[in-house]
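1. heads up, no residue letters with this:
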């Protein structure tokens, strides 16, 4: 169903304002706290919303509800622990369509995740269903109130399988001494694939792993590998790394990937365009427990570009409550064909 942008934006703003304001007295009464969800027996219903405004330099301005997601989590026993995420996504926006490299103008109801966790031991968990792939950290976290910026660096989502529909084995050392490890495998095509405007590539036979080494209690360095078959006949292998490190009020995040094609039809891709690589580095300084300033720089050499795209972003965030965050940021392009549009962006996102 298609809605007018003005109507969607107004509805989203009213929804966010009503929930944010209405939750405060309930929280004081001890019945509900914004971000904790609602318990219904062994199930918890929660989610997040993200209202985004964009003023790009060479496109129309927009104010839209970028994401509205509902989570349902169940704890029924050692072997039955289902999780579902359903998302209203792709709501019409010129600025966001440019940011993601799509021409979308419709709203889509998407099955984002649907899986069950079975706790085999204190350290090992078997996950079966549709889940996010641990290529870096951003893709797994992904919820707008929990990630650093409104504008997402290209390396965190471009040209790899963000999802896997199959099996995954997760290891987490109960003592916290050994690296967290996740391996995953998708034997066939993706379950309930996102519409083409949101996910231009289709993958099958996805397999990969992520290993995360603890540096301190909250800091870590991770390494990823992923191999998949693209439905046009090519295969892709990706390797990547990610970093989270904090020192006092300063925190640093980084991700980088390198991928290469094989099996392309003769002449489809020149040899120099079989490879693609990119990375971003961000720095955040916490002014206090509510205000932060941040910046990131990204270089991304994608296959279709004649030279690497280079983007820099600077912004400020305000978190009046732990589950509610406002972000204001400016992005500038410095070289190559831009992946994200130059301009001003702002968002209000919250967990509920």
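-> Noted; the coordinates are in hand. All of these numbers come straight from a predicted model, not from anything done at the bench. Residues are numbered from 1 along each chain as shown.
2. Just the mean pLDDT for stretch 257-266, thanks.
-> What stretch 257-266 shows for mean pLDDT is 78.
3. Actually, stretch 123-131.
-> Mean predicted lDDT for stretch 123-131 stands at 97.
4. Can you list the buried residues in it?
-> Using 16 or more other C-beta atoms under 10 Å as the test for burial, stretch 123-131 gives 125, 127, 129-131. (Each C-beta comes from the backbone N, C-alpha and C, glycine too.)
5. One more: stretch 334-343?
-> 336, 338-343.
6. In this structure residue 43 contacts residue 80, no?
-> No: with contacts counted by C-beta atoms under 8 Å, residue 43 stays clear of residue 80, the gap being 11.8 Å.
7. pLDDT weak spots in the chain?
-> 1-30, 90-106, 194-200, 264-273, 305 (pLDDT under 70).
8. Geometric centre of it: which residue is closest?
-> residue 142 (2.6 Å; C-alpha atoms, centre = their mean).
9. do you know how far that residue is from residue 307?
-> To residue 307, residue 142 is 29 Å away according to C-beta to C-beta, to the nearest Å.
10. Same question for residue 217.
-> Counting by C-beta to C-beta - residue 217 and residue 307 are separated by 41 Å.
11. Quick check: closest non-adjacent residue to residue 279.
-> Spatial nearest neighbour of residue 279, excluding adjacent residues (C-beta to C-beta, 6 or more residues apart in numbering): residue 256 at 3.2 Å.
12. centre of the chain versus whichever helix or strand residue 227 is part of, how much separation?
-> For residue 227, the element it lies in under DSSP states H and E is strand 220-230. Offset of strand 220-230 from its chain centre (C-alpha atoms, centre = their mean, to the nearest Å): 15 Å.
13. Work out the sheet partners of that strand and label each with its direction, please.
-> In the sheet, strand 220-230 lines up against strand 203-214 (antiparallel), strand 235-247 (antiparallel) (DSSP bridges).
14. Contacts for the shortest one, please.
-> In this case it means strand 203-214. 133-135, 161, 164, 166, 176-177, 179-190, 220-231, 238 (C-beta atoms under 8 Å, 6 or more residues apart in numbering).
15. Neighbours of residue 174, how many?
-> By other C-beta atoms under 10 Å, 9 other residues sit near residue 174.
16. ditto for residue 176
-> Residue 176 is flanked by 9 other residues according to other C-beta under 10 Å.
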